[in-house]
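Chemist: Prediction below, plus the sequence it came from.
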Amino acid sequence: MAKVAQEMVRKAGVDLDKLLDLLVKNAAAELTTFYYYTILRVNLIDLDGEGIKEIAEVARIEDRNHFEALVPRIYELGGKPPENMVDFHNLSACSPAKLPKDPRDVKAMLTVLVEAERCAVRGYTAICNMTAGKDHRTYDMSLAILNEEIEHESWFSEFLGEGPSGHFMRRGETSPFVSKFLR
């Protein structure tokens with residue numbers, strides 16, 4: 001544990017217990033989303049589904065990376081994820097991104113994907129608001145994750161016809177904002 005990091009976060013006025021709770025819940029959301037996106041991606045078939053599959057795969061891999069970046073910070077701040085995977089799943093900050101009843105309904109699938117991303121955007125915005133100017137490391141990491149989650153949301157919302165976002169699919173690069181936390 002990084003004792004000085006914990007001390008500095010507390011001295012800056014951050015409620016460390018509340019922050020750890022949010023970080024663990026968001027880590028749970030990232031890992032469960034990675035799992036559910038795997039199932040969703042497998043079911044993205046036929047002409048409509050294949051066009052979305054690559055984007056779902058990038059979001060899936062980046063959500064795993066977000067989990068990998070969050071866990072060390074949780075431990076640095078004196079926390080830890082639950083030991084039981086079911087407990088971890090159930091405390092997720094976001095509802096499970098489960099396969100819709102009709103897995104061939106691509107619009108329903110996109111709705112699941114975009115709502116998962118919107119929940120993530122809300123979660124990381126809350127963490128950024130809590131840590132801005134107070135806990136620089138957590139803020140920097142959460143802002144990096146937030147940037148990627150906003151891109152994921154924009155990709156899926158464009159497929160739903162909600163309008164242009166100005167964001168482009170990244171080619172050959174995953175987690176451009178979060179990668180510095182994965183070293």
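Modeler: Great, that's in hand.
Chemist: any idea how far the helix or strand containing Glu57 is from the chain center?
Modeler: Here Glu57 sits within helix 46-76, counting by DSSP states H and E. Relative to its parent chain, helix 46-76 has a centroid offset of 7 Å by C-alpha atoms, centre = their mean, to the nearest Å.
Chemist: what packs against it?
Modeler: Contacts of helix 46-76 with other secondary structure elements, assessed using 3 or more C-beta pairs under 8 Å, 6 or more residues apart in numbering; DSSP states H and E, are made with helix 16-43, helix 106-131, helix 136-159. Heads up, the C-betas are built off the backbone N, CA and C, glycines and all.
Chemist: between it and helix 16-43, how big is the angle?
Modeler: Helix 46-76 and helix 16-43 meet at an angle of 160 degrees, taking axes from the mean of the first three to the mean of the last three C-alpha atoms, to 10 degrees as the criterion.
Chemist: Let me know the average pLDDT across helix 46-76.
Modeler: The average of the pLDDT scores along helix 46-76 is 93.
Chemist: residues of it that come out buried?
Modeler: With burial defined by 16 or more other C-beta atoms under 10 Å, the residues of helix 46-76 counted as buried are 49, 52, 55-56, 58-60, 62-71, 73-74, 76.
Chemist: what do you get for stretch 73-90?
Modeler: Taking 16+ other C-beta under 10 Å as the basis for neighbour counts, the residues of stretch 73-90 that come out buried are 73-74, 76-77, 79, 81, 88.
Chemist: farthest pair in the residues you listed?
Modeler: When the buried residues of stretch 73-90 are compared pair by pair using C-beta to C-beta, the two farthest from each other are Glu76 and Phe88, 18.7 Å apart.
Chemist: quick one: which of the helices and strands packed on helix 46-76 is nearest Pro96?
Modeler: It is, among the helices and strands packed on helix 46-76 and with distance given as C-beta to C-beta, helix 16-43, at 5.6 Å.
Chemist: for the closest one, packing partners?
Modeler: Packed on helix 16-43, when contacts are counted by 3+ C-beta pairs under 8 Å, 6+ apart, are helix 3-11, helix 46-76, helix 85-90, helix 106-131.
Chemist: To Ala28, which of those helices lies closest?
Modeler: Taking C-beta to C-beta as the criterion, helix 85-90 is the member of the helices and strands packed on helix 16-43 that comes nearest to Ala28, at 5.0 Å.
Chemist: for that closest one, packing partners?
Modeler: Counting by 3+ C-beta pairs under 8 Å, 6+ apart, the packing neighbours recorded for helix 85-90 are helix 16-43.
Chemist: Perfect, I'm done here.
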